[in-house]
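**Q** I'll drop the sequence and a predicted model, then ask my questions.
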Amino acid sequence: MIIKVIIPAYNEEDSIANVIQEIPKTVNEVIVISNNSTDNTEINAKAAGATVLKEHQKGYGYACLKGMEYISNQDVKPDILVFLDGDYSDYPEELTKIVAPIIQDDIDFVIGSRVKALREDGSMTPQQVFGNWLATFLMKLFFGAKFTDLGPFRAIKYTKLLDLNMEDKTYGWTVEMQLKALKQKLSYVEVPVKYKKRIGVSKVSGTVKGTIFAGVKILGWIFKYSFK
């Protein structure tokens with residue numbers, strides 16, 4: 001199977017090379033989208049072997065959509081698309097665990113779940129832990145979902161991703177994907193993954209503004225789909 005990885009990155013010069021270098025060699029292409037970075041993220045990513053794109057509109061979703069647009073213009077499309085953060089909080093080598101249910105069991109969508117037993121102390125802020133609990137609780141309440149996390153380390157069949165018609169440009173990207181997967185009745189599983197303290201400061205949970213905006217966006221998507 002052809003596997004490609006999309007990594008949105010904003011000022012991750014100290015971590016991006018580590019992430020790229022630890023991605024399994026079975027991956028056909030690593031695509032880093034520099035989301036208006038002002039440091040050496042782009043230089044370091046390119047030196048580590050990634051394809052580097054630029055997206056000047058700030059927002060996680062903008063970066064992901066830029067990567068998808070790039071892939072849509074390629075002659076050979078991937079079978080599986082993996083999304084991974086550039087902050088080195090995930091363990092890139094666990095990508096093989098993430099894609100295994102798709103390859104072996106024909107599952108459509110896989111979430112890397114940051115379970116407490118495998119998380120380094122302090123790797124998730126209290127607001128992240130609470131936000132994940134609240135979002136997944138509401139998805140269970142309204143949709144009968146079995147998600148336990150909104151983890152950014154995830155894999156999906158490329159054709160299924162296109163069917164979702166993703167549109168969120170900022171903080172709601174992950175929850176939008178999960179909600180649309182539920183609505184379209186995609187098969188999905190969670191795979192427990194390890195999680196460690198990121199390199200640098202989070203641009204979302206590391207600021208009050210980012211935390212509030214992310215919370216509003218996530219809850220907005222959930223309630224939007226609850227009343228459709």
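**A** Received, thanks. Numbering: from 1, shown residues only.
**Q** Distance check, the residue sitting nearest the centre point of the chain against residue 81.
**A** By CA atoms, centre = their mean, the mean C-alpha position of the chain lies nearest to residue 152, the distance being 2.9 Å. Using CB to CB, to the nearest Å, residue 152 is found at 13 Å from residue 81. All C-beta atoms are positioned from the backbone trio N, CA, C, and that covers glycine.
**Q** picking that back up, hmm, residue 84 and the residue nearest to the centre of the chain touching each other?
**A** Yes. Here residue 152 reaches residue 84: they are 7.1 Å apart, a contact under CB atoms under 8 Å.
**Q** quick one: the strands in this structure?
**A** With DSSP state E, the ranges of strands along the chain come out as 3-9, 29-34, 51-54, 80-83, 109-113, 154-157, 188-192.
**Q** Need the phi and psi values for the closest residue to residue 176 other than its chain neighbours.
**A** Ranked by CB to CB, 6 or more residues apart in numbering and with sequence neighbours excluded, the top spatial neighbour of residue 176 is residue 168, at 4.5 Å. Per-residue torsions, residue 168: phi -60, psi 140 (degrees, to the nearest 10).
**Q** How about the contacts made by residue 168?
**A** Counting by CB atoms under 8 Å, 6 or more residues apart in numbering, residue 168 makes contact with 61, 176, 217, 221.
**Q** Skipping its backbone neighbours, what lies nearest residue 40 in space?
**A** Of all residues not flanking residue 40 in the chain, residue 13 sits nearest, at 4.2 Å (CB to CB, 6+ apart).
**Q** follow-up on the earlier one: ok, the residue nearest to residue 176 to residue 59 distance?
**A** 8 Å.
**Q** still on that earlier bit, residues shared between the contacts of residue 152 and residue 84?
**A** Taking CB under 8 Å, 6+ apart as the criterion, residue 152 and residue 84 both touch residue 90.
**Q** quick one: pLDDT of the closest residue in space to residue 8 that isn't next to it in sequence?
**A** Nearest non-adjacent residue to residue 8, counting by CB to CB, 6+ apart: residue 63, 3.5 Å away. According to the prediction, residue 63 has pLDDT 97.
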